[in-house]
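# after the sequence you'll find the predicted model.
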Amino acid sequence: MNRKWHRAGLRGRGNSLPSPFSHRALGNLHSRPGRALCKVGAPAGSVTMAQTAGSTAGLGFLSLLFSLRLCPAACDTHSLCYNFTIIPKPSPGHPWCVVQAQVDAEDFFSCDCGAAQIQSVSSLGEKVKGTKNWEIQIETLKDVGDFLKEQLPDIMPENYTAMDPPTLQVKVTCQSQDDGHTSGSWKFAFNGQICLHIDSDNMTLTVVHSGGRRMKEKWESDRIVTSFLRNISLGDCKSWLTHFLVHWEKMLTTAASPTTAPPIAHSKGAAIKPSAWFPLLVLVLAGLVPTVLLG
């Protein structure tokens, strides 16, 4: 079996990834947006349950206001994803592997990953096309295509045969969070039906549809495959996103800016600007919080 692809996840990375089951990796799962930032609790007898709930609510709301003030728009998060399409029996003259790359849902290039040939490039792609990481990226994507093609016969659902194999669609994503953490994932689909999801943080393989059972059974105990998938999503993808953002930051900020609305005339005193009422509201809440804490 040709496994030259398993080295692809090591390209361009100067630092090794932590073990998928290390304390650091598992700890990151508890610091994602959407989860509680702290535990609610106090020593027995110090405060009543009502006081604890009230103080938590007051402080939480105050923290929320400060976060909205400091981060009025979406915080600094970015995502990079690669959508692979593997066609086992392509029509004459058509590639068997195509990958579409996107940053923050904006297309920036597509290529024939079987031949490592670029098909189209957007202005975002042109901005980074001449960099070293661009070349490493193209080579690595070809290795991913080789890996998927090699694995397909053993992972396709039982109701398909080698004479009539399904089209395999794969999406690998890495997303940087405002807290510095980068998450990664893989999604696998056959003929458009998502079958398997992989969380790269802890390498949990989740069967979404019965067509993903063979993939999970084959890969779950294969450390070479799981390491390869994790290194691509949390190693290479993260590295490319970090390097490319240096060139893309201004372009992405411009693209994300909402269209400026025409000014609306208001009579004097009809409205108070947020900058005016925010400090006042903070002072009011700051006065309420001690009241809640003291009961």
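Structure's in. What do you need?

# so which residues of the chain form strands?
78-86, 97-103, 106-112, 117-121, 168-176, 182-190, 193-199, 204-207 (DSSP state E).

# so how far is residue 210 from residue 172?
Going from residue 172 to residue 210 by CB to CB, to the nearest Å gives 23 Å. Heads up, the C-betas are built off the backbone N, CA and C, glycines and all.

# return the per-residue confidence for residue 141.
We have a pLDDT of 97 for residue 141.

# would you confirm that it contacts residue 98?
No - look at residue 141 against residue 98 with CB atoms under 8 Å: they stay out of range, at 10.4 Å.

# ok, which stretches of this structure are helices?
23-28, 49-70, 123-128, 132-155, 213-219, 223-231, 237-256, 274-294 (DSSP state H).

# which of these has the lowest mean pLDDT?
helix 23-28 (a mean of 33).

# wait, residue 240 touches residue 133, no?
Yes - look at residue 240 against residue 133 with CB under 8 Å: they come within range, at 5.5 Å.

# that older thread, so between residue 141 and residue 98, which is more surrounded?
Higher neighbour count among residue 141 and residue 98: residue 141, with 22 against 19, using other CB atoms under 10 Å.

# of residue 240 and residue 133, which one has the most company?
Neighbour count, other CB under 10 Å: between residue 240 and residue 133, residue 240 has more, with 23 against 19.

# how many neighbours does the closest residue to residue 175 other than its chain neighbours have?
Of all residues not flanking residue 175 in the chain, residue 79 sits nearest, at 4.1 Å (CB to CB, 6 or more residues apart in numbering). By other CB under 10 Å, 16 other residues sit near residue 79.

# contacting residues for residue 79?
When contacts are counted by CB atoms under 8 Å, 6 or more residues apart in numbering, residue 79 is found next to 103, 104, 105, 173, 174, 175, 176, 241.

# how much space between the first one and residue 208?
What that stands for is residue 103. For residue 103 relative to residue 208 (CB to CB), the value is 25 Å.

# okay, stretch 113-125 in CSV with CA atoms only?
The C-alpha coordinates for stretch 113-125 follow below in CSV (Å, rounded to 0.1, in the frame of the first residue of the first chain):
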residue,chain,number,x,y,z
CYS,A,113,-5.6,18.1,-7.2
GLY,A,114,-4.7,15.0,-9.2
ALA,A,115,-2.3,16.9,-11.4
ALA,A,116,-1.6,19.8,-9.0
GLN,A,117,-2.8,22.3,-11.6
ILE,A,118,-4.6,25.6,-10.8
GLN,A,119,-7.9,26.0,-12.6
SER,A,120,-9.0,29.5,-11.4
VAL,A,121,-7.7,32.1,-8.9
SER,A,122,-9.5,35.0,-7.4
SER,A,123,-7.9,38.3,-6.2
LEU,A,124,-7.4,36.7,-2.8
GLY,A,125,-5.5,33.9,-4.4
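
# what are the buried residues along it?
113, 114, 116, 121, 124, 125 (16 or more other CB atoms under 10 Å).

# count of neighbours near the nearest residue to the second one once chain neighbours are set aside?
Right, residue 114. Distance criterion CB to CB, 6+ apart; nearest residue to residue 114, sequence neighbours excluded, is residue 97 at 4.1 Å. Residues contacting residue 97 under the criterion other CB under 10 Å number 23.

# contact partners for residue 97?
Per CB under 8 Å, 6+ apart, neighbours of residue 97: 84, 85, 86, 87, 112, 113, 114, 145, 148, 149.

# closest to residue 155 among those?
residue 148 (9.2 Å; CB to CB).

# residues contacting the nearest residue to that closest one once chain neighbours are set aside?
In space, and not counting its chain neighbours, residue 148 is closest to residue 86: 4.9 Å by CB to CB, 6+ apart. Residues near residue 86 by CB under 8 Å, 6+ apart: 96, 97, 145, 148, 149, 152, 167, 168, 169, 170.
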